[in-house]
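What would the 3D arrangement of this be:
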Amino acid sequence: MTESGRATEETYWHLHPLRVRYQETDQMAVVFHANYVNWFEIGRTELVRHLGMPYGEIEKRGLLLPVVDLACKYILPARYDDRIIVCTSVEKYSTVRIAFRSEVRRVADDETVPVEWKGDEPPGELLVKGGTQHVWVDANWRPQRLDKVLPELYDIIQLVAGGNEKGGS
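As a prediction, this is how the structure comes out:
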């Protein structure tokens, strides 16, 4: 472990490319701040889909994943027509909670961007970093143990997060 509590093994990142649309910018010609939260959601959704379990399937199986905490630090602005990538990893998890780490990065138009990346720092120029924390619940908003309700998804999360539970229950 590092001093920050993060595992020393390489972080698994899912990279999802986007292009900044005009309607996502504000009068200052930069991306309106709330769009980054939407992009974090896109990143989580695409990570889970890439791992073989789309959110729609998770909901059909009786689980919901509400956000209970959000962090977002703005470093540099994205602008209209920038090519960006939303980088998402599982930061910590337990049987009832999961936290995603998110970064939005600018890349060059001609830069090849893989879907998966291993390492502490994904490619591109860091614009925004943050993440979300969630709790697995049923339709009545009662906490659920992912390893009991959807063990195949729990196994996938263990694989991409390095195996050991991080963060307790």
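
could you measure Ile33 against Leu127, distance?
If you look again at residue 33, you'll see it is His, not Ile. Distance of His33 to Leu127, given as CB to CB, to the nearest Å: 12 Å. For every residue, glycine as well, the C-beta is placed using N, CA and C.

which residues are common contacts for these two?
Shared contacts of His33 and Leu127, defined by CB atoms under 8 Å, 6 or more residues apart in numbering, comprise Tyr74.

residue ranges for the strands of the protein, please.
12-19, 67-74, 83-93, 97-107, 116-118, 125-135 (DSSP state E).

ok, His33 and Leu127, which is more surrounded?
With neighbours defined as other CB atoms under 10 Å, His33 and Leu127 compare such that Leu127 has more, 21 against 12.

Could you tell me which residues make contact with the more buried one?
Tyr74, Ile75, Leu76, Pro77, Ala78, Ile84, Val104, Arg105, Arg106.

cutoff 7 Å now
With contacts taken as CB atoms under 7 Å, 6 or more residues apart in numbering, Leu127 has the following neighbours: Ile75, Leu76, Ala78, Val104, Arg105, Arg106.

Phe32 versus the residue lying closest to His33 once chain neighbours are set aside, what's the distance?
Distances taken as CB to CB, 6 or more residues apart in numbering put Tyr74 closest to His33, at 6.7 Å, once the chain neighbours are dropped. The spacing between Tyr74 and Phe32, counted by CB to CB, is 11 Å.

now do Gly62
Distance from Gly62 to Phe32, counting by CB to CB: 35 Å.

Check Pro114 too.
Using CB to CB, Pro114 is found at 29 Å from Phe32.

in the sheet, who's paired with the residue positioned nearest the centre of the chain?
By CA atoms, centre = their mean, the chain has its centre lying nearest to Thr88, at 3.4 Å. On the basis of DSSP bridges, Thr88 is bridged to His14, Ser102.

Spit out the contact partners of it.
For Thr88, the contacting residues are Trp13, His14, Gly43, Arg44, Leu47, Phe100, Ser102, by CB under 7 Å, 6+ apart.
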